[in-house]
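Chemist: please work out how this folds:
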Amino acid sequence: MRRKEMFTVCHMLTSLDGKIDGAFFGVPETAPALAAYADLRNHYQCQATVYGLTTMLEGYACGPIPSLPPCPDPPAFTDWINPEGKGVNRFIVSMDPKGELNFSGPVIRRAGRPDAHVVEALTRQASPAYPAYLRQKGVSYLIAGEQQLDCALLANKLCRLLGVTRLMVAGGGVTNWAFLQAGLLHEISLVVAPVADGSAAAASVFDQAPFLPGGGPVAFRLAEAKPLDGGALWLRYAALT
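Modeler: Now for the predicted structure:
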């Protein structure tokens, strides 16, 4: 169910055939859409951005976590917020149910974007040693499920514990679909590049994962269609209810 106190948007760059990764990113005709996608992030003024495990591995984390030594006195498996990180007021939320990601520190820096504090979203499948590792790195973490991540519970904790009132979901397709199926999206924002990809291996805007509960199609209404430079198009869809 959509939270009245939190606006949630799924904001993605896509090819004409709905792909969100692959070779189309590298062709010159995609460049104007890519620039517009980055600029339009600022339109939404979101305090936190959610990324799935694969997206984090490809662009934000320092690879997979090495084997952790046993932790003789692990911390309680409860939410932990780094007080210094909370003060940053910009967050990258990592969907990492089993605790598989490695980090160099608690802050991610990207050119043209404000510094963002990392918040790991974990389930109780994570090793008891992993929360201790995150605390050592200064990375905050939230427990949001037993076996699978509960997007509604995560949204509740982001709002209640970190004061997040505007949340962006930015891939991959499995994460986008999980938030959609949970009924949390107020808006879908698609920047469409004038390029078809055609790859069967590339991820789509929404992908159903076999390990997540199924669900039927979800309809939205078109709120705006705006042509952009280079033949790109910005499509905004609003939730029906």
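Chemist: residue farthest from the centroid of the protein?
Modeler: Note on the chain: the largest C-alpha distance from the chain mean falls to Pro72, namely 32.7 Å (CA atoms, centre = their mean).
Chemist: and it, helix, strand or coil?
Modeler: State at Pro72, reduced to three classes by DSSP: H, G, I helix; E, B strand; the rest coil: coil.
Chemist: confidence score at it?
Modeler: At Pro72, the model reports a pLDDT of 79.
Chemist: need the contact list for it.
Modeler: By CB atoms under 8 Å, 6 or more residues apart in numbering, no residues touch Pro72. For every residue, glycine as well, the C-beta is placed using N, CA and C.
Chemist: list the buried residues in stretch 49-65.
Modeler: With burial defined by 16 or more other CB atoms under 10 Å, the residues of stretch 49-65 counted as buried are 49-57, 60-61, 65.
Chemist: ok, so of these, who is nearest Met6?
Modeler: The nearest member of the buried residues of stretch 49-65 to Met6, counting by CB to CB, is Val50 at 11.9 Å.
Chemist: which helices and strands does the worst-scoring helix or strand of the chain on mean pLDDT pack with?
Modeler: Lowest by mean pLDDT, DSSP states H and E among the helices and strands of the chain is helix 83-86, with a mean of 90. Applying 3 or more CB pairs under 8 Å, 6 or more residues apart in numbering; DSSP states H and E, one finds that helix 83-86 contacts strand 116-122.
Chemist: quick one: strands adjacent to the strand it packs on?
Modeler: Sheet pairing for strand 116-122, assigned by DSSP bridges, gives strand 91-95 (parallel), strand 107-108 (antiparallel), strand 140-143 (parallel).
Chemist: state the next helix or strand along the chain beyond it.
Modeler: Heading C-terminal from strand 116-122, the first helix or strand you meet, by DSSP states H and E, is helix 129-137.
Chemist: can you report phi and psi for the residue farthest from the centre of the chain?
Modeler: Main-chain dihedrals, Pro72, degrees, to the nearest 10: phi -70, psi -30.
Chemist: and the strands in the chain, which stretches?
Modeler: For the chain, applying DSSP state E gives strands covering 7-14, 48-51, 91-95, 107-108, 116-122, 140-143, 166-169, 187-192, 220-227, 233-239.
Chemist: pick out the shakiest of those strands, pLDDT-wise.
Modeler: Note on the strands of the chain: lowest mean pLDDT is at strand 107-108, with a mean of 94.
Chemist: what does it contact?
Modeler: Contacts of strand 107-108 (CB under 8 Å, 6+ apart): 60, 85, 88, 92, 115-118.
Chemist: from these, keep the buried residues only.
Modeler: Buried residues within these, counting neighbours by 16+ other CB under 10 Å: 60, 85, 88, 92, 116-118.
Chemist: and Thr241, which of the strands paired with strand 116-122 is closest to it?
Modeler: Of all the strands paired with strand 116-122, the one in closest proximity to Thr241, counting by CB to CB, is strand 91-95 (25.4 Å).
Chemist: what's the offset of that closest one from the middle of its chain?
Modeler: Taking the mean of its C-alpha atoms, strand 91-95 sits 6 Å from the chain's own mean (CA atoms, centre = their mean, to the nearest Å).
Chemist: same check, this time on stretch 150-161
Modeler: When C-alpha coordinates are averaged (CA atoms, centre = their mean), stretch 150-161 and its chain have centres 13 Å apart.
Chemist: with stretch 162-177 instead?
Modeler: 4 Å.
Chemist: repeat for stretch 145-163
Modeler: Using CA atoms, centre = their mean, the offset of stretch 145-163 from its chain centre is 13 Å.
Chemist: what's around Ala200, how many residues?
Modeler: Under the neighbour criterion other CB atoms under 10 Å, Ala200 is assigned a count of 6.
Chemist: output the strands of the chain in CSV; the columns should cover distance to Pro210.
Modeler: Shown next, in CSV, are those (distance: least, CB to CB, whole Å):
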stretch, distance to Pro210
strand 7-14, 21
strand 48-51, 21
strand 91-95, 16
strand 107-108, 30
strand 116-122, 20
strand 140-143, 24
strand 166-169, 20
strand 187-192, 23
strand 220-227, 25
strand 233-239, 26
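Chemist: many thanks, have a good one.
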